[in-house]
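In: can you look at this prediction? I've put the sequence above it.
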Amino acid sequence: MKKILLVAALSVMGLANAQTPNAKTTTAQPAQTTQPVDGAQITFENETIDYGTIEHNADGNRQFVFTNSGNKPLIIESAQGSCGCTVPTPPKDPIQPGQKGVISVRYATDRVGQFTKNVTVRSNAVGNETKVLTIKGNVLPDPQPATPAAAPVKS
């Protein structure tokens, strides 16, 4: 009889523990904090520029603004467009910690239609040496002049 009561008691305790999720295996974890990286860091305000719908031959100049969020000078080594119609201009001088920089991009808006192009940026940013930025939009064709109505033919 004692054995039956003991088995029953252990079974009830096992069920009670099973209903408490991870009661015995859960341990307190310290809060995850991101450790600052020793070196340059690049943080863009926006990694995609949407030109929207623009007129044919409109101003194709835009700017990617970034901050050096690291603790050492940030050097933009190169910025390359995915085709000849996308021309980026990176800063030549190092960007000091906490300071902002600009990569200017000019898209050739003489090309009609939708576009999505990339700009590949290479820098000394620790863990983020190569960054791909995107520009997109739609260039409208020139409006077609109205053709005059044909004059009625006299017989």
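Out: It's in.
In: where exactly do the strands run in the protein?
Out: 42-44, 48-54, 61-68, 76-81, 86-89, 100-107, 113-123, 130-139 (DSSP state E).
In: out of these, nearest to Pro145?
Out: Among the strands of the chain, the nearest to Pro145 by C-beta to C-beta is strand 130-139 (19.2 Å). In this view, the C-beta of every residue, glycine as well, is placed from N, C-alpha and C.
In: would you format the strands of the chain as CSV with mean pLDDT, distance to Pro145 and mean neighbour count included?
Out: Listed next are those as CSV, based on pLDDT from 0 to 100; distance: least, C-beta to C-beta, whole Å; neighbours: other C-beta atoms under 10 Å:
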stretch, mean pLDDT, distance to Pro145, mean neighbour count
strand 42-44, 97, 43, 16
strand 48-54, 97, 21, 13
strand 61-68, 98, 29, 18
strand 76-81, 98, 34, 16
strand 86-89, 97, 31, 17
strand 100-107, 98, 27, 18
strand 113-123, 98, 21, 16
strand 130-139, 97, 19, 17
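In: the residue nearest the centre of the chain and Pro143: what is the separation?
Out: The centroid of the chain falls nearest to Glu47 when counting by C-alpha atoms, centre = their mean (4.0 Å). Distance of Glu47 to Pro143, given as C-beta to C-beta, to the nearest Å: 34 Å.
In: same question for His56.
Out: For His56, the distance to Pro143 - C-beta to C-beta - is 9 Å.
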